[in-house]
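Participant: let me see the structure of the following:
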Amino acid sequence: MRPILIELGPITLYSYGLMMALGFMAAYYVLHKEHVRLKFNVDYAGTLLIIGLICGIAGAKIFYIVGEWEQFMQDPVGMLFSPAGLVWYGGFAGGLLGMFYYIRKKRLPILQYLDMIGLGGMIGYAVGRLGCHISGDGDYGIPTNLPWGTIYANGTVKPSVATRDYFARNPEAAERWNFNELSENVVNADRFGIITEFDTTVAMHPTPVYEFLMGVIVFFILWKLRLKLRVAGMLFGAYLIAMAVQRFGIEFLRLNPIIALGLSQAQLFSIAVFIAGIIMIYILKKREQLNKA
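Facilitator: Predicted coordinates for the structure are as follows:
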């Protein structure tokens with residue numbers, strides 16, 4: 001893992017920040033291309049993405065703070081300005097609401113813009129996920145013996161820390177991976193914390209890489225569909241469904257706690273997003289049928 005790529009005096013280039021920037025650039029490229037294709041004012045592309053980025057980060061941070069309120073009260077400044085602690089569904093909701101407000105304010109064609117947001121959002125999300133992998137920020141999955149399992153000992157969040165709650169909820173898994181003994185044996189340390197034997201010997205599912213691969217596949221499917229789906233908004237509905245399915249599935253390999261019905265918060269949110277996508281496509285199909293009648 002390489003959380004820090006370059007340090008030049010007071011300037012530090014973090015891998016997570018770099019991948020977020022690249023994801024932003026990828027999303028902008030897609031939005032710009034679509035603005036040109038649809039003969040829209042390309043100036044809106046950059047503004048829309050900046051609003052989405054700001055509102056997305058704000059939403060992700062707010063959802064995280066609400067979920068960790070006691071910890072926030074102990075160190076409000078530290079948590080508020082920390083680059084860590086960003087909740088996916090908070091960022092998704094915040095970014096979408098911010099962009100939707102801007103679209104309505106400028107009286108732009110909502111459905112066509114939502115289609116573009118789906119395209120840009122998908123590729124931006126995929127690229128950004130690589131930042132989580134390279135920095136080792138704790139978004140990885142449960143332990144695995146698969147050959148592509150990854151050691152995150154040099155990441156910003158050590159596996160011995162990230163898995164502690166998971167193993168507390170799953171004592172059989174803790175025994176299987178010898179967590180209690182290995183996590184107590186300190187072998188090294190870096191600026192991000194102590195490194196235990198567990199961190200250096202137990203590989204984790206590289207779930208951010210899985211999400212990157214799935215995101216790229218979904219993006220290219222949507223990219224092909226954009227010329228075939230003639231009804232504006234249908235593409236965004238497909239994006240919602242695909243995003244929900246991939247996130248719902250990957251959560252089974254993640255370390256997030258179970259909230260209700262044997263599912264995590266992200267999975268419950270994914271179900272809501274999936275239903276929203278289905279309803280959107282159904283309404284648009286019905287509207288098209290009525291227009292043809």
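Participant: which strand or helix spans the closest residue to residue 112 other than its chain neighbours?
Facilitator: Nearest residue to residue 112 in three dimensions, chain neighbours excluded: residue 232, at 4.7 Å (C-beta to C-beta, 6 or more residues apart in numbering). Where you see a C-beta, it was placed from the backbone N, CA and C, and this is true even at glycine. Using DSSP states H and E, residue 232 maps to neither a helix nor a strand.
Participant: contacts only, for residue 232.
Facilitator: By C-beta atoms under 8 Å, 6 or more residues apart in numbering, the residues touching residue 232 are 109, 111, 112, 115.
Participant: hang on, residue 13 in a strand?
Facilitator: Yes. The assignment for residue 13 by DSSP: H, G, I helix; E, B strand; the rest coil puts it in a strand.
Participant: which residues touch it?
Facilitator: Residue 13 touches 4, 5, 6, 7, counting by C-beta under 8 Å, 6+ apart.
Participant: can you put those residues in a markdown table and add secondary structure and distance to residue 57?
Facilitator: Output for those, formatted as a markdown table (DSSP: H, G, I helix; E, B strand; the rest coil; distance: C-beta to C-beta, whole Å):
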| residue | secondary structure | distance to residue 57 |
| --- | --- | --- |
| 4 | strand | 20 |
| 5 | strand | 21 |
| 6 | strand | 23 |
| 7 | strand | 24 |
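Participant: now the closest residue to residue 201 other than its chain neighbours: how far from residue 254?
Facilitator: Counting by C-beta to C-beta, 6+ apart, residue 182 is the residue found nearest to residue 201 once chain neighbours are left out, at 6.6 Å. For residue 182, the distance to residue 254 equals 21 Å [C-beta to C-beta, to the nearest Å].
Participant: low pLDDT regions in the stretch 1-150 of the chain?
Facilitator: Within the stretch 1-150 of the chain, the ranges that satisfy pLDDT under 70 run 67-86, 88.
Participant: quick one: contacts for the residue nearest to residue 201?
Facilitator: Going by C-beta under 8 Å, 6+ apart, residue 182 touches 160, 196, 197, 198, 201, 202.
Participant: in this structure, which spans are strands?
Facilitator: With DSSP state E as the criterion, the chain has strands at 4-8, 11-14, 186-190, 193-196.
Participant: which residues touch the last one?
Facilitator: With C-beta under 8 Å, 6+ apart as the contact definition, strand 193-196 has outside contacts at 153-154, 158, 160-161, 182-189.
Participant: at 7 Å what do you get?
Facilitator: Outside of strand 193-196, the residues within contact range by C-beta atoms under 7 Å, 6 or more residues apart in numbering are 153, 158, 160, 161, 182, 183, 185, 186, 187, 188, 189.
Participant: show me what counts as buried in that strand.
Facilitator: For strand 193-196, burial by neighbour count (16 or more other C-beta atoms under 10 Å) applies to 195, 196.
Participant: partner strands of it and their direction?
Facilitator: Strand 193-196 pairs in its sheet with strand 186-190 (antiparallel), by DSSP bridges.
Participant: can you check the second one too?
Facilitator: In the sheet containing strand 11-14, the strands it pairs with under DSSP bridges are strand 4-8 (antiparallel).
Participant: give me the phi and psi for residue 191.
Facilitator: Backbone geometry at residue 191, expressed as degrees, to the nearest 10, gives phi -60, psi -20.
Participant: that one: what's it in contact with?
Facilitator: By C-beta under 7 Å, 6+ apart, residue 191 lies in contact with nothing.
Participant: buried subset of the contacts of strand 193-196?
Facilitator: The neighbour count (16+ other C-beta under 10 Å) marks 153, 158, 160, 161, 182, 183 as buried among these.
Participant: distance check, the fifth one against residue 139.
Facilitator: In this structure, residue 182 and residue 139 are separated by 22 Å, where distance is defined by C-beta to C-beta.
Participant: do the fourth one as well
Facilitator: Counting by C-beta to C-beta, the gap between residue 161 and residue 139 amounts to 13 Å.
Participant: and what of the third one?
Facilitator: As judged by C-beta to C-beta, residue 160 and residue 139 stand 16 Å apart.
Participant: and the helices in this protein?
Facilitator: 15-37, 43-67, 69-74, 76-81, 88-105, 110-135, 159-162, 164-169, 171-176, 179-182, 197-201, 207-225, 234-250, 265-292 (DSSP state H).
Participant: out of the ones you listed, nearest to residue 146?
Facilitator: helix 207-225 (11.3 Å; C-beta to C-beta).
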